[in-house]
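1. Got a predicted structure here, sequence first:
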Amino acid sequence: MRIAVCPGSFDPVTNGHLDIFARASSIFDKIIVAVFHNPNKKPLYTMEERVEMLRMATAHIPNVQVDCFSGLLYEYVRRQDSTIIVRGLRALSDFEYEFQRALLIKKIDPQMETVFMMTTADYSFVSSTGVKELAKFGGDISGLVPAAVAAKIIERLNQD
């Protein structure tokens, strides 16, 4: 069984993320979408809330499993009996950052492979940060995130 891990902060999950998950699910037997606790970021949602939103958003993709972790990515991937990391790319700037990360992981664990997938043009401009900013100022985020996620974003931002 070919298992791939698709890590990220997913704060919140966007339709661009879902595009990558769905396309990767046709290549690999199992995709583990793993919410990463990044101590350098201050998320809008708790890890548990992000896992819940991802489970709702990926329910239609039968071979996707949602999980969460903290610590080193390559160690997490190994614990999942995998050596494959899937990373979504929107632009050249994403590639430069992700390429350096992939090379570091490859240096540490030569068996580890990173697969880069370009998002479709429809979502190349969508980022979690951009979605949150747009929603904060009352912009329309429909079409950028799943409807259930949009409702949660608006609800959270109205609490502040």
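-> Right, received. Where do you want to start?

2. what are the ranges of the strands in the protein?
-> 3-8, 30-36, 64-69, 84-89, 113-118 (DSSP state E).

3. winner for burial among those?
-> Each of the strands of the chain was scored by mean neighbour count; the highest is strand 30-36, a mean of 23, by mean count of other C-beta atoms under 10 Å. Any C-beta I mention is one placed from the backbone N, CA and C, and that applies to glycine too.

4. Show me what that strand is packed against.
-> strand 3-8, helix 15-25, helix 47-58, strand 64-69 (3 or more C-beta pairs under 8 Å, 6 or more residues apart in numbering; DSSP states H and E).

5. and for it, what are the contacting residues?
-> The contact list for strand 30-36 (C-beta atoms under 8 Å, 6 or more residues apart in numbering) reads 1-10, 21, 24-25, 47, 50-51, 54, 58, 61, 63-70, 73, 76, 80, 82, 86.

6. neighbours of the closest residue to Pro62 other than its chain neighbours, just the number please.
-> Once flanking residues are discounted, Pro62 sits nearest to Ser25: 7.9 Å by C-beta to C-beta, 6 or more residues apart in numbering. By other C-beta atoms under 10 Å, 20 other residues sit near Ser25.

7. And Ala91, how far from Ala121?
-> 11 Å (C-beta to C-beta, to the nearest Å).

8. any shared contact partners between those two?
-> Counting by C-beta under 8 Å, 6+ apart, nothing touches both Ala91 and Ala121.

9. more neighbours, these two?
-> Comparing Ala91 with Ala121 by neighbour count (other C-beta under 10 Å), the higher total belongs to Ala91, at 12 against 8.

10. Could you give the backbone dihedrals for the nearest residue in space to the more buried one that is not next to it in sequence?
-> The shortest distance from Ala91 to any non-neighbouring residue, by C-beta to C-beta, 6+ apart, is to Ser124 (6.8 Å). Main-chain dihedrals, Ser124, degrees, to the nearest 10: phi -60, psi -20.

11. Fine, thanks again, bye for now.
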